[in-house]
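Undergrad: My questions are about this predicted structure, shown below with the sequence.
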Amino acid sequence: MKKVTKIIIIIIAVILTFIIGFVAYDRLTIDNKYGINEKNLKIPILVYHDIVENESEVEYDYMQTPKETFEKQITGLMKLGYKPISYEDLIAYKNGEKEIYKKSFLIAFDDGFDGVYQYAYPFAKEHNIPITSFMINYCAGLDGYYTWDNAREMDKSGIVKIYSHSLKHDNYDTYSKEDLLEDVNTSIDQIEKELGHDIPNIFTYPCGKFTEEEQEYLWKNGIIQNLTDNKVNQSKNLDLAGLHRMYPLNDSVLKILLKIEYRSIKYPA
Ligand SMILES: [Zn+2]
């Protein structure tokens, strides 16, 4: 055998050993759990809006996801070892009170569309997957949005958590910080009243619009905040005052995986 051929064979063997080793290590440690600061974990929060029955109802990629695509994305990620956790798990992890899986991820829905109740909720219930819906108080029961009765039913199941996405989905970056806080607190109070129990102070900015001043003020007043910036959280600088969230859009599982890697490499939180 020529020397060059031998070298090529050795290189291929080394690469294959490396890949097999990496995959084997990944599978063997898939159920490992870690506390905060034990290991730098990537924690994607996937943000959806509405779930629709089929492709023909998709107007904007980031707004509507066909039921089948949504289910394929979630089951696909779970087959690869990704485990859905709730915001409460994430907060407890940040506070050092809980360990989370090596490949934890969160599923969030903005705006409180009817598709959450019609399609995401039955799927989540069947597979015991925690999901979170950020609702707009003013929209509850309007055409295309779920009702307070739906909200209560989902909440009672324990599978769906319902948090605030503001009272009326305004451009809150034009508000004073005091007015924004009042809007958020009123929204949370009303949700608590409708559901009949306290909820955590977790808020998502409408259209991802906010000012740094507002962010700081809300955080000082105990509000955990979600951004819509298409980035991935890294546990080493996990920031409850501005959690990153990424769009799965209507992408394949492979593309979502690449985005999880790429986004957290490109944007180290
Ligand atoms: Zn929104």
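TA: Looks like it came in fine.

Undergrad: biggest strand in the chain, by residue count?
TA: strand 104-111 (DSSP state E).

Undergrad: now the longest helix along the chain: mean pLDDT?
TA: The longest helix of the chain (DSSP state H) is helix 3-28. Here helix 3-28 scores 92 as its mean pLDDT.

Undergrad: Tell me the helices and strands packed up against the very next helix or strand once past that helix.
TA: Helices and strands here follow DSSP states H and E; after helix 3-28, the next one along the chain is strand 33-34. On a contact count with 3 or more C-beta pairs under 8 Å, 6 or more residues apart in numbering; DSSP states H and E, strand 33-34 meets strand 100-101. (C-beta placed from N, C-alpha, C; glycine too.)

Undergrad: check contacts around the most centrally placed residue in the chain.
TA: Nearest residue to the geometric centre of the chain (C-alpha atoms, centre = their mean): Ile45, 2.4 Å. Contacts for Ile45 (C-beta atoms under 8 Å, 6 or more residues apart in numbering) come out as Phe105, Leu106, Ile107, Ala108, Asn226, Asn233, Leu243, His244, Arg245, Met246.

Undergrad: next one: Glu178
TA: Tyr217.

Undergrad: can you pull the pLDDT of it?
TA: Predicted confidence (pLDDT) for Glu178: 97.

Undergrad: Against Lys83, how distant is Leu167?
TA: Taking C-beta to C-beta, to the nearest Å as the measure, Leu167 falls 34 Å from Lys83.

Undergrad: wait, I meant Leu238
TA: For Leu238, the distance to Lys83 - C-beta to C-beta - is 17 Å.

Undergrad: try Phe109
TA: Phe109 is 19 Å from Lys83, by C-beta to C-beta.

Undergrad: Quick check: residues of the stretch 101-250 of the chain near the ion?
TA: Asp110, Asp111, Pro206 (C-beta under 5 Å from the ion).

Undergrad: neighbour-wise, which of those residues leads?
TA: Asp110 (27 neighbours; other C-beta atoms under 10 Å).

Undergrad: Can you check what pLDDT the model gives that one?
TA: Reading off the confidence values, Asp110 has pLDDT 97.

Undergrad: So in terms of bridging, what pairs with the residue nearest to the centre of the chain?
TA: Here Ile45 sits in beta bridges with Leu106, going by DSSP bridges.

Undergrad: quick one on the thing from earlier: so for Leu167 and Lys83, which sits in the more crowded spot?
TA: Looking at Leu167 and Lys83 with other C-beta under 10 Å, you find the greater number of neighbours at Leu167, namely 20 against 17.

Undergrad: and that one, that's in a helix?
TA: No. Counting by DSSP: H, G, I helix; E, B strand; the rest coil, Leu167 is not found in a helix; it is coil.

Undergrad: if I read this right, it contacts Asp183, doesn't it?
TA: Yes. Counting by C-beta atoms under 8 Å, Leu167 does reach Asp183; the two are 5.1 Å apart.

Undergrad: give me the low-pLDDT residue ranges for this structure?
TA: Along the chain, segments meeting pLDDT under 70 span 268-269.

Undergrad: domain assignment for it?
TA: According to automatic domain parsing, the chain comprises the domains 1-30, 35-266.

Undergrad: highest average neighbour count across those?
TA: Among the domains of the chain, domain 35-266 has the highest mean neighbour count (mean count of other C-beta atoms under 10 Å), at a mean of 18.

Undergrad: now the end-to-end length of it.
TA: 24 Å (C-alpha to C-alpha, to the nearest Å).

Undergrad: ok, residues contacting stretch 219-229?
TA: 45, 47, 87, 91, 108, 110, 134, 181, 184, 200-205, 207-208, 210, 215, 218, 240-245.

Undergrad: So what's the gap between the longest helix of the chain and the chain middle?
TA: 35 Å (C-alpha atoms, centre = their mean, to the nearest Å).

Undergrad: can you check stretch 154-171 too?
TA: 14 Å.

Undergrad: Please apply the same query to stretch 220-239.
TA: Once both centres are worked out by C-alpha atoms, centre = their mean, stretch 220-239 turns out to sit 11 Å from its chain's centre.

Undergrad: Cheers, nothing more for now.
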